[in-house]
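1. Based on what follows, work out the 3D shape:
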Amino acid sequence: MNLFRKSITFLLIGMAFFSCDKKETVFSDPLITNRDTTVNPGEDFFSYANNGWFKKNPILSTDSSNGIMRTINDTINSQIKSICENSAKEESAAKGSNKQKIGDFYASGMDTIAIEKAGLSPLNTEIKKINEIRDISGLVNTMAHLQTVGAESGFTFYVSQDDKISTKYALFFGQGGLGMKQRDYYLDQDKRNIEIRSAYLSHLKTMMRAMGDEESVAVKNAATIMKLETELAKSSRKLEALRDPLANYNKMSVEKFNTITPDIDWKKVLPVLGIAKADSVIVGQPEFFKALNKTIKTYTIEEWKTYLRWNLVSTYAPYLTKAIEKENFKFYATTLNGVASQKPRWKRVVEQTDVSLGELIGQVYVADYMPKGVKEKLLEIGNNIRDVFASHIKKLDWMSEATKQKALYKLSKMVMKLGYPDKWKDMSGLSINRNSYCSNVMSANIWDYKFMINKYGKPVDRNEWVMQPQTYNAYYNPSNNEIVIPACNIIVPGYEGRMPDDAILYGIIGGSFFGHEITHGFDDQGSQYDEKGNLNNWWTAEDLKKFKAKTQFIVNQYNKFSVLGKHVNGDATQGENIADLGGVIMGYEAFEKTAQFKNKEKISGLTPDQRYFLAYAYSWMINRRDESKINQIMTDVHSPEQFRINGPLSNVPEFHKAFNVKKGDKMYQPDSLRVVIW
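-> Just a heads-up that it's a prediction; the model follows:
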């Protein structure tokens, strides 16, 4: 999902939960074995709960992190691998069938001989279009065309629900075109970012050489790309500024858009994007397009052609020759995230097959790997969490009765999509063969683009999923006022063959899933949308003032957290931090209603409270490389995982009591400083 697409708030990682049948086997409780009891839980609960596992499971050279996310994804990837390999063996599968497409896509990715032989030829048609550019009109039209083949250049464009009219689709234009994706990499003057810019310049030169440039030409072209992208970065908004849905909603006529960019005629560009006619567009960052208009004249056509060729090759680098793929990995994985070596090829191809053909794989996955009763169990937990949230709203001492009723109404209308979609997308129009891996990826990208474009002018499909049942994640979509939680693999690592106790189900699924996603409907962004998914203020002026004061407390709290000298951006991460806090509280209160809690049942020597909070910590058991932590702080609206545990729990009195957190401990928060929102 494009960074600047406004609609959906992702959990970042989701959580699978159980296998069905209990077996009489020796059980080693992960909540016990994962701990590091040399750490005081009141000082650092993240380390106390998880360091035992981290010590036994160092980060692999092929990964930027290790933990529960990678463990579950390894299981999912192994299952998808079986689907891919079984499909690839059936060379007689009917042309156009799901098996044929999955099998041929996977086989083309594994055929490294054909990939090396092809070189850059799969991109020849697009490179020819770039080389034929003669003027500004041709330049902008080619930028637009590249959007349709998955190679975003210069700006972003997409079709999504109108924030203020959720029953209609709208056209969105936003900032983009940065090879390093985030403006601060180009502009921040700290030592690490200066070093990264130097590494990026070297990367650009090496890639230009791989594309056929002589050494001197490659050096010149790399410098040109760097300067051009830096210009785009200067007019790009910061990560936190992109979180304001009103400030990034600038609806205007196409004629008005033309006045912002007098050298770009959007009436001529729109047909290239696949839009025959449009009366209005939504421009996220008008100042960016003013700067883009200036930049297309500042740099020569030849310089822009160099940038577009680079952008195209960089987009498809993972599917090209070994030399290009390795250089792409060296910068984006090693330099930015500290990953030393690539994953085995089968893993890379399996993951890409899932990205490109996830809808087809999902159908097989649900049939072969998802136990019965998944939707029902998810719905049970989800409804329990929603009831708790409603109870919280009713008891709020800072919200007026009028606003409470509107909040309760929005909550009652929140849709929960669970497990897998009731209707799968029709991908019969996508053609896949064994000839070219890169071409197959591009064909899938083109299909995705056409699927998106074809929505324009049609009724909004509120049944659509933008995530697959085998995807380890979840999301809240404010435009539909819905939460979506895929089935995934239905496993909590360490509990295979047995049903986890309620403390685990509610700590993980209740807190990190349902509680988190439901709270997104009432975070700094989601709270601006009404029950129908429209950007519409349903608050009284006084209540909104009080709400913003409360959210500022969490911003201030997270601004104090730092990793390797780099502070968390409390403004950019506040939505996820609010959701984490709401999630852990709602999950806990729903757990209080279970027999395990009421009976004060101890398991493995742990009280119900202790098990719940350890389970919540288990849901974020992720250890990252230093480079990955810094990259996350700079580019991600999610806080580093240690603060997704220590941050919210420091505000929960029940946690303090369960682990005897005392004044003087780092995680101790006096009542006056505890963040309480929902």
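2. is it true that Met586 touches Gly510?
-> Yes: judged on CB atoms under 8 Å, Met586 makes contact with Gly510 at a distance of 7.2 Å. The C-beta positions use only the backbone N, C-alpha and C, and glycine is treated the same way.
3. Name the residues of the helix or strand where Tyr409 lies that are buried.
-> Under the criterion of DSSP states H and E, Tyr409 resides in helix 401-412. Within helix 401-412, the residues that count as buried by 16 or more other CB atoms under 10 Å are Thr403, Lys404, Lys406, Ala407, Lys410, Leu411.
4. Equivalent analysis for stretch 640-653, please.
-> 640-652.
5. mind listing which of those are in helices?
-> Of those, the ones assigned to helices by DSSP state H are Glu641, Gln642, Phe643, Arg644, Ile645, Asn646, Gly647, Pro648, Leu649.
6. which residue sits closest to the last one in space, ignoring its chain neighbours?
-> Yep, that's Leu649 we're talking about. Counting by CB to CB, 6 or more residues apart in numbering, Leu649 lies nearest to Phe655, which is 4.6 Å off, once chain neighbours are set aside.
7. Please list all residues in contact with the one you found.
-> By CB atoms under 8 Å, 6 or more residues apart in numbering, the contact set of Phe655 is Phe45, Asp609, Phe613, Leu649, Val661.
8. Asn559: which of the residues you listed is nearest?
-> Nearest to Asn559 among the contacts of Phe655 is Leu649, at 18.1 Å by CB to CB.
9. any weak-confidence spans in the stretch 101-250 of the chain?
-> Within the stretch 101-250 of the chain, the set of residues satisfying pLDDT under 70 is empty.
10. all strands of it, in order?
-> Applying DSSP state E, counting those that start in this stretch to the stretch 101-250 of the chain gives strands spanning 155-162, 165-175.
11. And the stretch 551-678 of the chain, by the same measure?
-> Listed in chain order, the strands of the stretch 551-678 of the chain (DSSP E, counting those that start in this stretch) span 562-563, 566-567, 622-624.
12. Can you add distance to Ser64 and mean pLDDT and give these back as JSON lines?
-> Formatted as JSON lines, the strands of the stretch 551-678 of the chain follow (distance: least, CB to CB, whole Å; pLDDT from 0 to 100):
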{"stretch": "strand 562-563", "distance to Ser64": "14", "mean pLDDT": "95"}
{"stretch": "strand 566-567", "distance to Ser64": "16", "mean pLDDT": "95"}
{"stretch": "strand 622-624", "distance to Ser64": "6", "mean pLDDT": "97"}
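13. nearest to Asn34, of those strands?
-> Proximity to Asn34 (CB to CB) singles out strand 622-624 among these, at 11.6 Å.
14. packing partners for the closest one?
-> Here strand 622-624 touches strand 65-67, going by 3 or more CB pairs under 8 Å, 6 or more residues apart in numbering; DSSP states H and E.
15. and the strand it packs on, which strands flank it?
-> Counting by DSSP bridges, the strands paired with strand 65-67 are strand 622-624 (antiparallel).
16. show me the contacts for Trp266.
-> Trp266 sits next to Val254, Phe257, Asn258, Val281 when contact means CB under 8 Å, 6+ apart.
17. one more time with 10 Å
-> 140, 144, 171, 173, 253-258, 260, 273, 275, 278, 281, 283, 289 (CB atoms under 10 Å, 6 or more residues apart in numbering).
18. Tell me which of Met586 and Gly510 has more neighbours.
-> Neighbour count, other CB atoms under 10 Å: between Met586 and Gly510, Gly510 has more, with 31 against 27.
19. thinking Thr71 is in contact with Leu60, fair?
-> No: using CB atoms under 10 Å, Thr71 is not in contact with Leu60; the gap is 11.5 Å.
20. returning to what we had before: relative to Leu204, which of the strands of the stretch 551-678 of the chain is closest?
-> Of the strands of the stretch 551-678 of the chain, nearest to Leu204 by CB to CB is strand 566-567, at 25.0 Å.
21. which residues touch the closest one?
-> With contacts defined as CB under 10 Å, 6+ apart, strand 566-567 is touched by 190, 192, 558-561, 626, 629-634, 640.
22. need those in a markdown table with distance to Lys377, can you?
-> Formatted as a markdown table, the contacts of strand 566-567 follow (distance: CB to CB, whole Å):
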| residue | distance to Lys377 |
| --- | --- |
| Asp190 | 48 |
| Arg192 | 45 |
| Tyr558 | 33 |
| Asn559 | 39 |
| Lys560 | 39 |
| Phe561 | 35 |
| Asp626 | 39 |
| Lys629 | 34 |
| Ile630 | 39 |
| Asn631 | 36 |
| Gln632 | 32 |
| Ile633 | 36 |
| Met634 | 38 |
| Pro640 | 31 |
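23. Give me the pLDDT value at Asp21.
-> pLDDT for Asp21: 43.
24. go on, Val339?
-> Looking at Val339, the pLDDT reads 97.
25. and the residue lying closest to it once chain neighbours are set aside, how many residues sit next to it?
-> What sits nearest to Val339 in space, not counting adjacent residues and going by CB to CB, 6+ apart, is Ala333, at 4.1 Å. Using other CB under 10 Å, Ala333 has 20 neighbouring residues.
26. Burial check on His138, number of neighbours?
-> One thing to correct before we go on: residue 138 is Gly, not His. 16.
27. next one: the one 5 residues further on
-> Using other CB under 10 Å, Met143 is surrounded by 28 other residues.
28. contacting residues for the closest residue to it other than its chain neighbours?
-> Among residues not flanking Met143 along the chain, Gly154 sits closest, at 4.4 Å (CB to CB, 6+ apart). For Gly154, the contacting residues are 139-140, 142-144, 146-147, 175-177, 228, 232, 289, 292, 295-296, 304, 307-308, 311, by CB under 10 Å, 6+ apart.
29. Is it possible to get the strands of the stretch 101-250 of the chain out as CSV so that each row also shows distance to Phe591 and mean neighbour count?
-> Below are the strands of the stretch 101-250 of the chain laid out as CSV (distance: least, CB to CB, whole Å; neighbours: other CB atoms under 10 Å):
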stretch, distance to Phe591, mean neighbour count
strand 155-162, 35, 22
strand 165-175, 34, 21
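30. right, so of those, which gets closest to Glu592?
-> Closest approach to Glu592 among these (CB to CB): strand 165-175, 35.3 Å.
31. Show me what that closest one pairs with in its sheet, parallel or antiparallel.
-> Using DSSP bridges, the strands paired with strand 165-175 are strand 155-162 (antiparallel), strand 280-283 (parallel).
32. Show me the one of the ones you listed that comes nearest Lys602.
-> With CB to CB, the closest approach to Lys602 among those belongs to strand 155-162: 48.7 Å.
33. CA atoms only for that closest one, dumped as PDB, please.
-> C-alpha atoms of strand 155-162 as PDB (Å, rounded to 0.1, in the frame of the first residue of the first chain):
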ATOM      1  CA  PHE A 155       4.200  11.800  -8.000                       C
ATOM      2  CA  THR A 156       1.600   9.300  -6.700                       C
ATOM      3  CA  PHE A 157      -1.800   8.700  -8.100                       C
ATOM      4  CA  TYR A 158      -4.600   6.400  -7.000                       C
ATOM      5  CA  VAL A 159      -8.400   5.900  -6.900                       C
ATOM      6  CA  SER A 160     -10.000   5.500  -3.500                       C
ATOM      7  CA  GLN A 161     -13.100   6.600  -1.600                       C
ATOM      8  CA  ASP A 162     -13.700  10.300  -1.200                       C
END
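34. Off-centre distance for it?
-> Between the centre of strand 155-162 and the centre of its host chain there is 17 Å, according to CA atoms, centre = their mean, to the nearest Å.
35. same check, this time on stretch 582-597
-> For stretch 582-597, the gap between its own C-alpha mean and the chain's C-alpha mean amounts to 27 Å (CA atoms, centre = their mean).
36. Identify each buried residue in that stretch, please.
-> Buried positions in stretch 582-597, judged by neighbour count with 16+ other CB under 10 Å: 582-592, 594, 596-597.
37. Would you reformat these as TSV and include distance to Asn536 and pLDDT?
-> Converted to TSV, the buried residues of stretch 582-597 look like this (distance: CB to CB, whole Å; pLDDT from 0 to 100):
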residue	distance to Asn536	pLDDT
Gly582	22	97
Gly583	25	97
Val584	29	98
Ile585	27	97
Met586	25	97
Gly587	29	96
Tyr588	32	97
Glu589	29	97
Ala590	29	96
Phe591	34	96
Glu592	34	96
Thr594	37	94
Gln596	41	96
Phe597	39	97
